[in-house]
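Visitor: what follows is a predicted protein model with its sequence.
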Amino acid sequence: MKILVINAGSSSIKYQLIDLESVERNAVLASGLVEKIGEPVGRIVHKTYAGGAEKKHVEERPLPTHNEGMARVVELLTDPAEGVVKDASEIAGVGHRVLNCGEVYSDTVRIDAKVKEAIRDFFPLGPLHNPANLMGIEVAEKFFPDAVQVAVFDTAFHQTMPPKAFLYAVPYEWYTKYRLRKYGFHGTSHKFIAAAAARYLGKAPADTNIISLHLGNGCSIAAIRGGKCVDTTMGVTPLEGLMMGTRSGDIDPSALEYVMDQTGMDIHQMLTTLNKKSGLKGVCGVNDMREVIEAAAGGNEMAATAFEMFCYRVQKYVGAYMAVVPNLDAIVFTAGIGQNSQPVRERVCAGLEHLGIRLDPEKNRVRSDDPIELQRDGAPLKILMIPTNEELQIAVETKQIIDAANA
Ligand code: AMP
């Protein structure tokens, strides 16, 4: 079954076409990124993988709206010479990554008018993403009229958190009137990791207890008990929690008033600073962990401090979540930094030795596209590295909706 996965941003469309039988049996037929939509010149990078060899096509052309961007993607996918499908009707389902639908949907759903209304209703709580996600859905409905359209929410996996974890200690009516609460994000990735860890450990998901560390451009940790999320670091928006590439993570809200008074910034400038000019970038000037580590190795003290701050906050949250996940099976590193950065894993785990997290430096050096174990022989707790795959998770859930509709 061919499933197109779409992640639409305000000026971009990221896509992947997957031929899927099951989570283990699947093949990526094509993937790509349409960007700079609405700018004078847009750009499309389209890749195909016939016979295991990556073939890349790059083009630049004006793409005034998502409509022109998607039209070109359909042309590339169905190109008579280089295409991967004969026509758009071969695509059975389109799975859309959608940021936030709050408490309305706690699982993946087939898109209808009610679902679109709910996505619209959450524009104020996802002002950058939800409108773009809805635009992506409407464009896909036009170009793939025969396909089942499915919404996979970044917040859904975290809906199992209990009130003591998701409520903020503020006037309760902020929750009842304005829906202010911790929603959590990266849910699709944490859900994929929870299932992959259970498979790897040979346990039923309902018996699997892990702490999932999604450390990429954005960073979040989820405490997963019996396969279900009981707490997570991101909040009402993806700004809360860990230190990230450009986001501050946790900060005392009183600091904002103080700095706004000192600088004359308004609240929008302040939030832009916290989202785009903070985190690693705010402390040492660069947001890519590879560059931070390189600069630190070259003697840059602020880069070394940023690295220490990043790892320390991960260490603290793992400690906190060990307190709420009894019978822990494993902590799992994933995403760009979690999968690739040996120094980050080493530093985080060094601070957790006294809690039974004992990293083997040799195993930590191994690179792998498959799950691997990183703990020392005889250590009480497992440390896993599992590559995440949000697109595959979205495709799998889209197929499940289609299969259920056909059953
Ligand atoms: P993601 O959002 O999961 O795509 O992660 C992207 C981030 O992963 C990049 O911005 C880098 O900071 C980080 N990253 C990727 N490869 C490495 C590496 N080998 N060492 C350290 N960080 C890495």
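Guide: Cool, got the structure. All values reported here derive from a predicted model rather than from experimental measurement.
Visitor: okay, CA-based contacts and neighbour counts for the rest of this
Guide: Noted.
Visitor: quick one, what contacts Met135?
Guide: The contact partners of Met135, by C-alpha atoms under 8 Å, 6 or more residues apart in numbering, come to Ala8, His66.
Visitor: using the three-state scheme, assign it.
Guide: At Met135 the chain is in helix, as set by DSSP: H, G, I helix; E, B strand; the rest coil.
Visitor: show me where the stretch 51-200 of the chain has helices.
Guide: Secondary structure of the stretch 51-200 of the chain by DSSP state H, counting those that start in this stretch: the helices cover 66-78, 113-121, 130-143, 163-166, 173-178, 187-201.
Visitor: identify each buried residue in the last one, please.
Guide: Within helix 187-201, the residues that qualify as buried by neighbour count (16 or more other C-alpha atoms under 10 Å) are Gly187, Thr188, Ser189, His190, Lys191, Phe192, Ile193, Ala194, Ala195, Ala196, Ala197, Ala198.
Visitor: does it reach the ligand?
Guide: No - applying C-alpha under 6 Å from any ligand atom, one finds helix 187-201 separated from the ligand by no less than 9.9 Å.
Visitor: from the chain's centre, how far out does that helix sit?
Guide: 13 Å (C-alpha atoms, centre = their mean, to the nearest Å).
Visitor: by contact count, what packs against that helix?
Guide: Judged by 3 or more C-alpha pairs under 8 Å, 6 or more residues apart in numbering; DSSP states H and E, the packing partners of helix 187-201 are strand 148-153, strand 210-215, helix 390-406.
Visitor: mean confidence score for it?
Guide: The average pLDDT within helix 187-201 is 98.
Visitor: ditto for the second one
Guide: Model confidence over helix 113-121 averages 97 on the pLDDT scale.
Visitor: what comes into contact with it?
Guide: Asn100, Cys101, Val104, Val109, Asn130, Pro131, Leu134.
Visitor: which among these end up buried?
Guide: Counted by 16+ other C-alpha under 10 Å, the contacts of helix 113-121 give Asn100, Cys101, Val109, Asn130, Pro131, Leu134 as buried.
Visitor: so where is the stretch 201-350 of the chain shaky, pLDDT-wise?
Guide: Nowhere does the stretch 201-350 of the chain drop to pLDDT under 70.
Visitor: sorry, back to before: adding distance to Val230, write the buried residues of helix 187-201 out as JSON lines.
Guide: Output for these, formatted as JSON lines (distance: C-alpha to C-alpha, whole Å):
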{"residue": "Gly187", "distance to Val230": "12"}
{"residue": "Thr188", "distance to Val230": "15"}
{"residue": "Ser189", "distance to Val230": "15"}
{"residue": "His190", "distance to Val230": "12"}
{"residue": "Lys191", "distance to Val230": "12"}
{"residue": "Phe192", "distance to Val230": "16"}
{"residue": "Ile193", "distance to Val230": "15"}
{"residue": "Ala194", "distance to Val230": "12"}
{"residue": "Ala195", "distance to Val230": "15"}
{"residue": "Ala196", "distance to Val230": "18"}
{"residue": "Ala197", "distance to Val230": "17"}
{"residue": "Ala198", "distance to Val230": "17"}
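Visitor: which residue ranges form the strands in the protein?
Guide: 2-8, 13-20, 26-35, 42-48, 55-61, 91-98, 109-110, 148-153, 210-215, 219-225, 228-232, 330-334, 372-373, 382-385 (DSSP state E).
Visitor: of all these, which lies closest to Ile357?
Guide: strand 382-385 (7.1 Å; C-alpha to C-alpha).
Visitor: so is stretch 333-349 next to the ligand?
Guide: Yes - interface with the ligand: stretch 333-349 contributes Ala335, Gly336, Ile337, Asn340, Ser341 (C-alpha under 6 Å from any ligand atom).
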